[in-house]
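# Build me a model from this:
(2 chains)
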Amino acid sequence: MAGRMLGRAGRCAFLTVVGIACLGPVAWVLLSSFKTQPQVFGRGNLIPSPFSLEGYKALFTQIDVVGYLLNTLLYAAGGTVGALGAGLLAAYPSARMRFPLRRGLTVMFSLGLAIPIAGLIVPEFVIVRELGLFNSRPGLVVFYSAMWFPLAFVILRAYLAGLPPSIEEAAALDGATYFQLLGRVVLPLARPGLATAGVLVFINVWNDFLFNLLLAPSTEYQNVQVGLALFRGQFKTDIAAILAGTTVMMIIPVVTFVLLQRHVIAGLTAGASR
Amino acid sequence: MRLEAPTRGMGLGIALSLVPGAALFTVFFLVPVGVVVATSLSDWSPIGSAFTGLENYRLLLADDAFWMALRNTALFAVAALFIQVPVGVAVAIILSQRIRGWRVLRTVYFLPNVVSGAALALVYLTFYNPRYGLLNQALGAIGVDSSRDWLFDVDTALPAVAATWVFTAGVVMILVMAEIAAIPAEVYDAALVDGASGWQRARYVTLPLLRDVIGVCAILVLLFTLAYFDGVYIMTGGGPADQTLTLSLYAFQQYSESNWGYANAIGALLIALGAIVIVAVRRVFRIGQRDF
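Model prediction:
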C-alpha cells in the first residue's frame, strides 16, 4: 500500500517536473507579454499587474505584423493545398491500383520524409532561382508544396488503404473513368485523411523559418517567424514588444492544434508507421 | 468486356495522377540530393565551379569548426536518445493508465511541439537573459545569486541550448500512447494472474511490446537533431566560440559565405548520416521482426 502511494506521488512529481521543464518558459513569456517594460525588469512578479497591452501596441505600430501574418497565411494555405493535391493524386493509385513501378514509387516518396532537407539548402536555392521563383510568394508556395508532399502522401496512402474498396468497385463497374472515380467517390471518402494531413502540413509551413529565410528573404515576403525573429535584433531594448511578438508567433499553431488535435494525433500515428 | 474498358482507360489516368507529385519530388528532392553529392566534389561558388575531387572532404577533416559542429550534433543526438525518448515513453506509460485528466495532460505535453522553433528560440533568449530572465530570477528567489549569461557562457551554452527542446516529449508520447492502446487486454490479464505489480507490468509486459515504436521514435528524434537549425541560428548563431554550432547551421554559414561546394560536402554528410540513422536504428531495434 505504501509502495503504491509512493508510486503515485512519484508519477505526479515526474509529470510536474517534465511539464514545467517543457512548458514553463513558454507560459512565462505568454504572461510577461502583458507586462509593461518596468514590470518585465521588476523581480518577483510572475503575474502582470495591471495587465498591459503596451508591448502589443508597440509591436503593431513599429512593424508590419499584419503583413507578416498575411504572408504566413498565404504560404501555409497554399502549401497545404499543393501538398494535399499532389499527395492525394499520388496516394490513390499507390494505395489501390496495380501499375508498374508502384512499389518503387511508394518507397521513394515515403523516403522523402527521412531526408534531412537542411542539407539541401544550396541546390534548393539555386533551383528556385533558376525557375525564376526566388524572392516571390508563388515560389515559396511551390516549394512548401514539394517539401510537405511526402508527408501528405504517406498519411493519405495509409488512410485510403484502410477504406473498404467496395464503393469504388461498384462505381468502376458502372463505367466511371479514373478521374470520375477519384473526384466523385474517393475525394469525399478521403476527407478525414485530408483533414489530418492538412493540419500537420499547415502547422509545419506556418512555423517554417529556414526556407523563408533562404528562398524569399526580402522584408515584404517574410513570414511571421522570420519577420519577428529578425525584428528582435533591431529593437533589442523594447522587451515588452519582443515578448508580444513571441506570443503572436505561437498563437495560430497553438489554437489550430487545440481545436483540431484529434487530427494531429491521427496523422502522427499514421505518418510514423512507415 | 465491361471490366476491360475502365481498366484500359485508367492507365492514362493513373499516369497523369502521378505527374504532380513525381514532378515536385524530382525537382525538390531527387535533383537536389544529386546536386549536393556531385558538387560536394567541386569548388562551387556563385561565380563558377571547378572539379576538385575529394578536396572539400579533406578540408573538412582539418576544419576545427566542422569537428565542433559534428561533436555538438552528436551530443544533441545523445541527449535526444537518452533523455527525450525515455521521458516521452515514461509520460506515455503514465498517461496510458488513464489517470485523472489524462486527455488535458496529453494536450499540454504536446503544446511545445506545435510552437515554432523560432518562437521557442525567442522564449529561451528571454528565459536565459541575465538581467530579466526567469532562470536567474528563480535562482535568486532560492538564494543563489546568479548573473550568468547562460547562452553566451562557454561552460553552459551547449546544455542551455539542449534544454530548450530535450524535454519536449510530445511526438514520442503520442506514438507510444497509440501503441499501448493497441496492446490487447488479455496480455495484461495473464500478467495479473501471475501476480505482477504495476511496475512489473510496465517493465516486463508493456516495454518489450513497445520496442518497434521506440525504434521509430529514435529515428524521428535523430533526424530532428540532424536538421536542428532555427534554435541555434536565432539564439546563439553557433557561438560562443562554436560551442553550439550544429552541422545544419554550419552548412548554412558556408552557403552564406558563398562556399557552396563546401556547404554541400556538409550537406552530403547530413544526408548520409540520415540514411545511417535509419538503417542502424532499424537494425538495433530489430524493427519489423518478432521474437516469438
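# only C-alpha atoms for contact and neighbour calcs from this point on.
Fine.
# Need the nearest residue in space to B:Ala265, chain neighbours excluded.
Nearest non-adjacent residue to B:Ala265, counting by CA to CA, 6 or more residues apart in numbering or on different chains: B:Ser40, 4.4 Å away.
# Give me the phi and psi angles of the one you found.
Main-chain dihedrals, B:Ser40, degrees, to the nearest 10: phi -70, psi -10.
# Residue of the stretch 1-150 of chain A nearest chain B, please.
A:Gly119 (3.8 Å; CA to the nearest CA).
# can you count the residues close to residue 55?
Defaulting to chain A. 22 (other CA atoms under 10 Å in any protein chain shown).
# hmm, I had chain B in mind actually
16.
# With A:Glu220 instead?
For A:Glu220, using other CA under 10 Å, the count is 15.
# Run through the residues that contact it.
Residues near A:Glu220 by CA atoms under 8 Å, 6 or more residues apart in numbering or on different chains: A:67-68.
# can you list the domain ranges for chain A.
A:2-57, A:62-272 (automatic domain parsing).
# do you know how far the closest residue to the residue of the stretch 1-150 of chain A closest to chain B other than its chain neighbours is from B:Gly237?
Distances taken as CA to CA, 6+ apart place B:Gly267 nearest to A:Gly119, at 3.8 Å, with adjacent residues excluded. Applying CA to CA, to the nearest Å, the value for B:Gly267 to B:Gly237 is 18 Å.
# that older thread, contacts only, for the residue nearest to B:Ala265.
B:54, B:56, B:261-265, B:268.
# Number of residues surrounding B:Ile99?
10.
# Could you look up the SS state of it?
Recorded secondary structure, B:Ile99: coil (DSSP: H, G, I helix; E, B strand; the rest coil).
# Tell me how far A:Tyr56 lies from A:Leu30.
Taking CA to CA, one finds A:Tyr56 at 12 Å from A:Leu30.
# Give me the common contacts of those two.
Contacts common to A:Tyr56 and A:Leu30, judged by CA under 8 Å, 6+ apart, are A:Ala244.
# that older thread, am I right that the residue nearest to A:Gly119 sits in a helix?
Yes. Per three-state DSSP, B:Gly267 lies within a helix segment.
# Isn't it up against B:Ala251?
Yes. Between B:Gly267 and B:Ala251 there is a contact under CA atoms under 8 Å: 6.5 Å.
# List the contacts of whichever residue of the stretch 151-292 of chain B sits closest to chain A.
Using CA to the nearest CA, the closest approach of the stretch 151-292 of chain B to chain A is made by B:Gly267 at 3.8 Å. For B:Gly267, the contact set (CA under 8 Å, 6+ apart) comprises A:118-120, B:36, B:248, B:251.
# switch the cut-off to 10 Å
A:116-122, B:33, B:36-37, B:40, B:247-248, B:250-252, B:261, B:273 (CA atoms under 10 Å, 6 or more residues apart in numbering or on different chains).
# Quick one: low-confidence residue ranges for the stretch 101-250 of chain A.
A:235-236 (pLDDT under 70).
# any idea which element the spatially most central residue of chain B lies in?
Central residue of chain B (CA atoms, centre = their mean): B:Phe224, 1.7 Å from the mean position. Assigned by DSSP states H and E, B:Phe224 belongs to helix B:211-227.
# can you give me the helices for chain A?
With DSSP state H as the criterion, chain A has helices at A:2-32, A:37-41, A:54-62, A:65-96, A:102-111, A:121-130, A:137-161, A:166-173, A:178-180, A:187-189, A:191-206, A:210-215, A:224-234, A:239-272.
# can you tell me how far B:Gln243 sits from A:Leu213?
23 Å.
# More neighbours: which of the two?
Ranked by neighbour count (other CA under 10 Å), B:Gln243 and A:Leu213 place B:Gln243 first, with 23 against 18.
# who's in contact with the more buried one?
Counting by CA under 10 Å, 6+ apart, the residues that B:Gln243 touches are B:65, B:68-69, B:71-72, B:151-158, B:236-237.
# now, which of those lie within helices?
Per DSSP H, those map to helices at B:65, B:68-69, B:71-72, B:157-158.
# with the residues you listed in mind, which one is nearest to A:Leu243?
Proximity of these to A:Leu243 (CA to CA) peaks at B:Ala157, which lies at 22.0 Å.
# Count the residues that sit near the closest one.
With other CA under 10 Å as criterion, B:Ala157 counts 21.
# shouldn't it be in contact with B:Leu125?
No. In this structure, B:Ala157 is not within contact of B:Leu125 by CA atoms under 10 Å, at 11.6 Å.
# Spit out the residues that contact those two alike.
Contacts common to B:Ala157 and B:Leu125, judged by CA under 10 Å, 6+ apart, are B:150-151, B:236.
# Which of those residues has the largest number of neighbours?
B:Leu151 (25 neighbours).
# check contacts around the closest residue to it other than its chain neighbours.
Excluding the flanking residues, the one nearest B:Leu151 by CA to CA, 6+ apart is B:Ala157, at 4.4 Å. By CA under 10 Å, 6+ apart, the contact set of B:Ala157 is B:149-151, B:163, B:236, B:238-240, B:242-244.
# Give me the lowest-pLDDT entry from those residues.
For these, the weakest pLDDT value sits at B:Gly239, with 86.
# and the helix or strand where B:Ala280 lies with helix A:121-130, angle?
For B:Ala280, the host element (DSSP H and E) is helix B:260-284. Counting by axes from the mean of the first three to the mean of the last three CA atoms, to 10 degrees, helix B:260-284 lies at 120 degrees to helix A:121-130.
# Would you mind listing the buried residues in helix B:260-284?
Across helix B:260-284, burial judged by 16 or more other CA atoms under 10 Å in any protein chain shown covers B:260-271, B:273-275, B:277-278, B:281-282.
# Stretch B:196-212 now?
B:196, B:201-202, B:205-206, B:210-212.
# For B:Asp63, see how far away the residue nearest to B:Trp44 when sequence neighbours are not counted is.
Nearest in space to B:Trp44, with sequence neighbours left out and distances taken as CA to CA, 6+ apart, is B:Gly261 at 4.5 Å. Distance from B:Gly261 to B:Asp63, counting by CA to CA: 15 Å.
# what's the answer for A:Leu113, then?
30 Å.
# Looking at the two, which one has more neighbours?
A:Leu113 (22 against 11).
# Enumerate every residue touching the closest residue to that one other than its chain neighbours.
Spatially, and ignoring its direct neighbours in sequence, A:Leu113 is nearest to A:Pro150 (5.8 Å; CA to CA, 6+ apart). A:Pro150 is in contact with A:83-84, A:86-87, A:90-91, A:106, A:108-114, A:156, A:271, B:21, B:24-25, counting by CA under 10 Å, 6+ apart.
# And stretch A:105-125, end to end?
Length of stretch A:105-125, first residue to last, CA to CA: 26 Å.
# Which stretches in chain B count as strands?
Along chain B, counting by DSSP state E, strands occupy B:42-44, B:49-51.
# Please name the residues that touch the closest residue to B:Asn129 other than its chain neighbours.
For B:Asn129, ignoring the flanking residues on the chain, the nearest one in space by CA to CA, 6+ apart is B:Asp149 at 6.4 Å. Under the criterion of CA under 10 Å, 6+ apart, the neighbours of B:Asp149 are B:128-131, B:133, B:136, B:156-157.
# Filter those residues down to the buried ones and hand me the PyMOL line.
Buried residues within those, by 16+ other CA under 10 Å, are selected in PyMOL with:
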select buried, chain B and resi 128+129+130+131+133+136+157
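# of the contacts of B:Asp149, the lowest pLDDT goes to which?
Out of these, that is B:Arg131, at 87.
# do you know how far it is from B:Gly140?
From B:Arg131 to B:Gly140 the distance is 11 Å (CA to CA).
# Now for the two: what residues contact both?
Joint contacts of B:Arg131 and B:Gly140 (CA under 10 Å, 6+ apart) are A:43, B:146-147.
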